[in-house]
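Q: for reference, the sequence and a predicted model appear below.
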Amino acid sequence: MSTRDKSDFKQQDFLQAVIIADSYNYRYAPLTNYRPRALLPLVNSTLLEFTLQCLHHSDSGVKEAIVYCSSHADQIKKYLDNNHWSDGSMRMKITPIVSEGCISVGDALRDLDSKGILKSDFVLVYGDLVSNVGLKSIVEKHKLRRQQSKGLAMTMVFTEGPPGKPIKVYHR
């Protein structure tokens with residue numbers, strides 16, 4: 001087996017998630033002036049907890065979640081250090097990354113790429129995601145498309161939810 005074959009095998013077996021913990025806007029100010037949007041409460045938990053649970057319980061095979069923090073990074077790191085995600089018993093490793101100079105999602109991805117942190121396919125989500133969508137079939141279809149078209153960079157997932165009808169999930 002050549003070196004390239006081995007790296008392709010590793011890439012298929014390891015799925016990372018990048019959680020953008022900063023919204024890079026002021027839409028929820030003044031609530032987010034002193035607390036990141038990802039740590040806002042929802043039903044006796046934080047939005048970030050819902051995001052981590054979604055990735056952990058999905059059938060996607062996410063092995064590592066990188067929580068990218070810009071503003072209020074100290075609060076997010078403290079949250080991750082002081083709950084059940086820090087004890088190592090989960091099948092998903094949580095790694096906080098802090099960058100104070102980042103002002104957009106594009107900056108965050110460039111920073112992660114320059115640091116060599118992204119080692120495989122990854123799922124990109126915001127830290128305030130509340131979802132129960134199974135990601136396994138979406139990730140498998142992305143890998144199949146990538147094999148067919150070597151220039152494929154990403155697969156986007158979006159939902160359409162008209163009032164009174166079930167939500168449909170699309171991926172392109």
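A: Perfect, thanks for sending it.

Q: contacts, neighbours, all on C-alpha from now
A: Will do.

Q: residue 99: neighbour count?
A: Close neighbours of residue 99, defined as other CA atoms under 10 Å, add up to 15.

Q: from residue 18, how far off is residue 70?
A: 13 Å (CA to CA, to the nearest Å).

Q: to clarify, my last question referred to residue 28.
A: 22 Å.

Q: who's more crowded, the two?
A: More crowded of residue 28 and residue 18, by other CA under 10 Å: residue 18, with 22 against 11.

Q: pretty sure that one is touching residue 125, no?
A: Yes: contact criterion CA atoms under 8 Å: residue 18 and residue 125 qualify, at 6.3 Å.

Q: ok, then the element right after the helix or strand hosting residue 144?
A: Per DSSP states H and E, residue 144 falls inside helix 136-148. With elements assigned by DSSP H and E, the helix or strand that comes after helix 136-148 is strand 157-160.

Q: for that next one, the distance to its chain's centre please.
A: With CA atoms, centre = their mean, to the nearest Å as the basis, strand 157-160 stands 16 Å off its chain's centre.

Q: ditto for stretch 132-151
A: That offset, for stretch 132-151, works out to 16 Å (CA atoms, centre = their mean).

Q: could you do stretch 73-81 as well?
A: Worked out by CA atoms, centre = their mean, stretch 73-81 lies 16 Å from the chain centre.

Q: return the set of buried residues in that stretch.
A: 73, 76-77, 79-80 (16 or more other CA atoms under 10 Å).

Q: contacts for it, please.
A: Contact with stretch 73-81 is made by 21, 35-36, 39, 69, 86, 94, 96, 98, as judged by CA atoms under 8 Å, 6 or more residues apart in numbering.

Q: select from these every entry located in strands.
A: Using DSSP state E, the subset of the contacts of stretch 73-81 located in strands is 69, 94, 96, 98.

Q: now, which of those sits nearest residue 120?
A: Closest approach to residue 120 among the ones in strands among the contacts of stretch 73-81 (CA to CA): residue 94, at 15.8 Å.

Q: the closest one and residue 66 touch, don't they?
A: Yes: with contact defined as CA under 8 Å, residue 94 counts as touching residue 66 (6.0 Å).

Q: now stretch 130-140: mean pLDDT?
A: Averaging pLDDT along stretch 130-140 yields 83.

Q: for it, C-alpha coordinates in PDB please.
A: What follows is stretch 130-140, C-alpha atoms only, in PDB (Å, rounded to 0.1, in the frame of the first residue of the first chain):
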ATOM      1  CA  VAL A 130     -29.800  22.600  18.100                       C
ATOM      2  CA  SER A 131     -30.500  19.600  15.800                       C
ATOM      3  CA  ASN A 132     -31.100  15.900  15.700                       C
ATOM      4  CA  VAL A 133     -30.300  15.400  12.000                       C
ATOM      5  CA  GLY A 134     -28.300  12.200  11.400                       C
ATOM      6  CA  LEU A 135     -25.100  13.100   9.700                       C
ATOM      7  CA  LYS A 136     -23.900   9.600   8.600                       C
ATOM      8  CA  SER A 137     -25.700   9.500   5.200                       C
ATOM      9  CA  ILE A 138     -24.700  13.100   4.400                       C
ATOM     10  CA  VAL A 139     -21.000  12.400   5.200                       C
ATOM     11  CA  GLU A 140     -21.100   9.200   3.200                       C
END
